[in-house]
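>>> missing the sequence, but the structure's below:
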């Protein structure tokens, strides 16, 4: 971790324009200049991933698909259990991030991990199905996030598990048992993140609960690096395909 690296990441997050004619080009525009320093900064920003991946790793899946998996850093949260998985696919549209996956796999000796340039709304593993599908802070960056969830459910085997960690805001009138955020929270965070094409949604949790049987749901808040007074809402979800 270095202040110089953090300043570079903050520049890309806050100031550098994101350009591109389609989603793939916009993703590469956003990430290409920050790929090498991506993980250090986001380790402090993107909370809740470790518990989701550790929990899913304990189910001993054969095929795992990590949609929007970026640099493959999420796989480190699985721990030693990753060696028991037959195949792990890290699927992303940002090729500059996927290049880091190969370096990480070589460093860890992961021979079962493959980086794939693909669209989370349509991609299917060569095996035809998966035991686990995950989204780590990627649903908020996928324009058709509902289609990405539908595709994840489609490729999951019956009884398979879908895990998500991501930013969100609550609905104005959230269902019983779910947290209700203030007007300021529901207004500020979508505006704040929107400049980077990150869109915290009030509909993620309801849609996930509609499509899958809820196994785990936690709603929390995370600190923002260099902004000690701010806490952004995030959730952890694990659902089972009925």
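Thanks, I have it. Since the structure is predicted, the reported quantities are computational estimates derived from the model, not experimental observations. Numbers count the residues shown, from 1 in each chain.

>>> How is the spatially closest residue to residue 221 that is not a sequence neighbour assigned, secondary-structure-wise?
Excluding the flanking residues, the one nearest residue 221 by C-beta to C-beta, 6 or more residues apart in numbering is residue 231, at 3.8 Å. Placement of C-beta: from N, CA and C, glycine included. Three-state call for residue 231 (DSSP: H, G, I helix; E, B strand; the rest coil): strand.

>>> what does residue 180 give?
With three-state DSSP as the basis, residue 180 sits in coil.

>>> And for residue 99?
Under three-state DSSP, residue 99 falls in the helix class.

>>> again with residue 146
Quick answer, by three-state DSSP: residue 146 is helix.

>>> Quickly note the distance from it to residue 155.
15 Å (C-beta to C-beta, to the nearest Å).

>>> again, but for residue 135
In this structure, residue 135 and residue 155 are 13 Å apart, going by C-beta to C-beta.

>>> Report the distance from stretch 90-109 to the chain centre.
Stretch 90-109 sits 15 Å away from the centroid of its parent chain (C-alpha atoms, centre = their mean, to the nearest Å).

>>> Same drill for residue 146 and residue 155, tell me which one is more crowded.
Per other C-beta atoms under 10 Å, whichever of residue 146 and residue 155 has more neighbours is residue 155, with 19 against 16.

>>> Over to that one: give its phi and psi.
With angles defined as degrees, to the nearest 10, residue 155 sits at phi -80, psi -10.

>>> Could you pull up the residues touching it?
Shown in contact with residue 155 (C-beta atoms under 8 Å, 6 or more residues apart in numbering): 65, 124-125, 128-130, 133.

>>> mind running it again at 7 Å?
For residue 155, the contact set (C-beta atoms under 7 Å, 6 or more residues apart in numbering) comprises 65, 124-125, 129-130, 133.

>>> what does residue 189 give?
By C-beta under 7 Å, 6+ apart, the neighbours of residue 189 are 167, 169, 200, 232-233.
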